[in-house]
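Q: Structural data only, the sequence is not supplied:
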């Protein structure tokens, strides 16, 4: 394009220059779904450690639960910072916040269970091991749902159902454990076991709460 020396208008900037300008002045879109998945991955690792602890994994498994909880907390903080900075996200910000908040509760309750067991001197038994396995399976299904939320929402919904199904029998396991516990004569053992078994039930409820919200996001079209 030839510009008349007397014309005050400037020639349009080349396309590459315009792209460079946008990169300089427009903020990068944060990978909020990747950050949610990172929190989910730490939660999966933590619940796998919790299941191992529930099978008698001892201090090593307990330490792994705590380490995973710290990692998950860090991932959640990164996600919240990204949500605050993002102009737009592929999934509604409120839904991402709620999913992150609810999945955070899963590992938090598990960590408290480990700590309380240590204080009370309670040793996990076969019932705890069974419930721990179900909880770990449910958390894995939630992570799969997070990763599919945009790519395949219908499959994400199915993974939410799988998470709920995985923990569906925890309440039955809890009742069986309680029925057996009531046959024990030592009151201290009964009270400690009652409280710890209930923790497993609370984790199961937390998993279902995440699954319900995941389905809500799917139905709202993210």
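A: Perfect, I can see it now. If you're wondering where the values come from, they're calculated on a predicted model, not measured in any experiment.
Q: mind checking pLDDT for the spatially closest residue to residue 144 that is not a sequence neighbour?
A: Excluding its sequence neighbours, the residue lying closest to residue 144 (Cβ to Cβ, 6 or more residues apart in numbering) is residue 159, at 4.5 Å. Every C-beta, even on glycine, is put in place using the N, C-alpha and C of the backbone. The per-residue pLDDT reported for residue 159 equals 97.
Q: Only the buried residues of the host helix or strand of residue 159, if you could.
A: Using DSSP states H and E, residue 159 sits within helix 153-166. Residues of helix 153-166 classed as buried by neighbour count (16 or more other Cβ atoms under 10 Å): 153, 156, 157, 158, 159, 160, 162, 163, 164, 166.
Q: export the residues you listed to a markdown table and tack on distance to residue 66?
A: Shown next, in a markdown table, are the buried residues of helix 153-166 (distance: Cβ to Cβ, whole Å):
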| residue | distance to residue 66 |
| --- | --- |
| 153 | 34 |
| 156 | 30 |
| 157 | 33 |
| 158 | 32 |
| 159 | 27 |
| 160 | 28 |
| 162 | 27 |
| 163 | 24 |
| 164 | 27 |
| 166 | 24 |
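Q: show me what contacts the residue nearest to residue 144?
A: 141, 142, 144, 145, 148, 214 (Cβ atoms under 8 Å, 6 or more residues apart in numbering).
Q: before we move on, what about residue 189?
A: 122, 181.
Q: Now the element after the helix or strand of the chain with the lowest mean pLDDT, going C-ward?
A: Ranked by mean pLDDT, DSSP states H and E, the weakest helix or strand in the chain is helix 15-25, scoring a mean of 46. Using DSSP H and E, the helix or strand that follows helix 15-25 in sequence is helix 32-52.
Q: helices and strands around the helix or strand just after that next one, which ones?
A: Scanning forward in sequence from helix 32-52 by DSSP H and E, the next helix or strand is helix 58-85. Under the contact definition 3 or more Cβ pairs under 8 Å, 6 or more residues apart in numbering; DSSP states H and E, helix 58-85 sits against helix 32-52, helix 93-120.
Q: tell me the most buried of those?
A: With neighbours taken as mean count of other Cβ atoms under 10 Å, those reach their highest mean count in helix 32-52, at a mean of 23.
Q: Can you give me the neighbour number for residue 188?
A: 11 (other Cβ atoms under 10 Å).
Q: Scan this protein for its longest helix.
A: helix 187-219 (DSSP state H).
Q: got any ranges where this protein has weak pLDDT?
A: Where the chain drops to pLDDT under 70, the residues are 1-29, 222.
Q: Now the helix or strand harbouring residue 139: buried residues?
A: For residue 139, the enclosing helix or strand under DSSP H and E is helix 126-148. Across helix 126-148, burial judged by 16+ other Cβ under 10 Å covers 127-148.
Q: now that helix and helix 32-52, what's the angle there?
A: Helix 126-148 runs at 170 degrees relative to helix 32-52, counting by axes from the mean of the first three to the mean of the last three Cα atoms, to 10 degrees.
Q: hang on, the earlier thing: quick one: which of the contacts of residue 159 is nearest to residue 172?
A: residue 141 (18.9 Å; Cβ to Cβ).
Q: give the contact list for the nearest residue to residue 65 once chain neighbours are set aside.
A: Nearest non-adjacent residue to residue 65, counting by Cβ to Cβ, 6+ apart: residue 49, 4.6 Å away. Shown in contact with residue 49 (Cβ under 8 Å, 6+ apart): 57, 61, 62, 64, 65, 68.
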